[in-house]
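# What would the 3D arrangement of this be:
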Amino acid sequence: MSFRLKKAGVDLLYQDENYVLVSKPSGLLSIQDRFQHDLPNLKQILQDEFGDIYTVHRLDKDTSGVIVFARNEKAHSHLNQQFANGQVRKIYWAFVEGTPPIEEGQIDMPILNDMQNSGRMLANKDGKEALTFFRLLENFGNISLLECFPQTGRTHQIRVHCHYLGCPLLVDTLYHQKDAFYLSSAKRGYRYGKFAEERPLISRLTLHAKSLSFQKIDGDELLVESDLPKDLRALYNQLKKI
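Next up, the predicted model:
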C-alpha cells in the first residue's frame, strides 16, 4: 500500500482495471464537500493514486468501512445499474443503545428530509421507500451489536431506521444527541484515578460498512470485507467484558 493511502488511514482491499475498493476511516469525506472544498476527501486521494475515479455510492463522513469506486465509464455504468436495481449486497455493523424487540426482522419505513433541521432525515410515511433487514449479533446488557442489510440507499438510512426501531446508534450526534460513549455509563462500579478525568471509549459514529458484494463486468461475484477498525474493536472488546 502506498504512503499516500497509509497517511490518510485508507486500507486498500481490492483493485483491478475496473474497480477499487477500500476501507474508509471515520472522519474522512467520501467525495468533495459542496461548501468546504478544501477538506480532504477519499475520491481525490484515490484519483491521486490511481488516476480516473468514478463515484458510485457514498458513506457518511463518520461511517467507516467498505466503499467501491469505478475506474472507467463502463464499470461505472455497470455498477450504477446494480445499485439502482438493489443487486448490490451491503452489510453494516451498528453498535446501538438498547435491545431490538425481535432478534431478526425488517424495518419498512419511508424516509423524508427534515425540513426544519438541515441535514437531518425523518422516518415518515410520506417519504421515499426505505427497507432495512437486521439481526441481533450480540447483546451487552443495554447495548447491542446489530447487523444491518439495507435494501435501499436513502441518506442516513441505517441511522434513521435504528432510531425508529428504538435502538439509536450508541454514538450519533444527529439522531441520538450523543457525541461520545463512556465505559462508566455501562459498567457498574467503574472506577478511575482520583484526579483523572474519564476519557470516552469512543467518540465517533458507531457504524461500520462491514462488507460489499456485486457482480463484476465478467460476471463473477466479488465479495470484499473490512475488519472493524481499532476504535470499534476496542469498544467491542470492552463490551464483551461487561
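
# dump the residue contacts of the closest residue to residue 61 other than its chain neighbours.
Distances taken as C-beta to C-beta, 6 or more residues apart in numbering place residue 29 nearest to residue 61, at 5.2 Å, with adjacent residues excluded. Placement of C-beta: from N, CA and C, glycine included. Shown in contact with residue 29 (C-beta atoms under 8 Å, 6 or more residues apart in numbering): 39-42, 61.

# before we move on, what about residue 10?
Per C-beta under 8 Å, 6+ apart, neighbours of residue 10: 22-25, 28, 42, 45-46.

# at 6 Å instead, please
residue 22 (C-beta atoms under 6 Å, 6 or more residues apart in numbering).

# For the residue nearest to residue 61, give the beta-bridge partners.
For residue 29, the beta-bridge partners are residue 41 (DSSP bridges).

# Sort out which residues of the helix or strand of the chain with the lowest mean pLDDT are buried, please.
Lowest by mean pLDDT, DSSP states H and E among the helices and strands of the chain is helix 3-7, with a mean of 87. Residues of helix 3-7 classed as buried: residue 5 (neighbour count, 16 or more other C-beta atoms under 10 Å).

# now swap in stretch 27-37 and tell me
28-30, 32.

# Let me know the helix or strand that the closest residue to residue 89 other than its chain neighbours is in.
If the residues on either side of it in the chain are set aside, residue 89 comes closest to residue 213, at 4.6 Å by C-beta to C-beta, 6+ apart. Residue 213 belongs to strand 207-215 when assigned by DSSP states H and E.

# in its sheet, what does that strand sit against?
Strand 207-215 has the following sheet partners, assigned by DSSP bridges: strand 64-70 (parallel), strand 89-97 (antiparallel), strand 221-225 (antiparallel).

# Turn the ones you listed into TSV, including distance to residue 164, mean neighbour count and mean pLDDT.
Listed next are those as TSV, based on distance: least, C-beta to C-beta, whole Å; neighbours: other C-beta atoms under 10 Å; pLDDT from 0 to 100:
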stretch	distance to residue 164	mean neighbour count	mean pLDDT
strand 64-70	22	25	98
strand 89-97	12	23	98
strand 221-225	27	14	98
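
# of all those, which lies closest to residue 177?
The closest of those to residue 177 is strand 89-97. By C-beta to C-beta, the value is 11.5 Å.

# immediately after that closest one, which helix or strand?
Immediately after strand 89-97, counting by DSSP H and E, sits strand 104-108.

# Could you list every helix and strand in contact with the helix or strand just after that following strand?
Per DSSP H and E, the first helix or strand lying C-terminal to strand 104-108 is strand 111-113. With contacts taken as 3 or more C-beta pairs under 6 Å, 6 or more residues apart in numbering; DSSP states H and E, strand 111-113 sits against no other helix or strand.

# Partner strands of the very next helix or strand once past strand 111-113, with direction?
Using DSSP H and E, the next helix or strand after strand 111-113 towards the C-terminus is strand 121-123. Applying DSSP bridges, strand 121-123 is found paired with strand 111-113 (antiparallel).

# on that earlier part again, adding distance to residue 14, write the strands paired with strand 207-215 out as JSON lines.
Below are the strands paired with strand 207-215 laid out as JSON lines (distance: least, C-beta to C-beta, whole Å):
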{"stretch": "strand 64-70", "distance to residue 14": "9"}
{"stretch": "strand 89-97", "distance to residue 14": "15"}
{"stretch": "strand 221-225", "distance to residue 14": "5"}
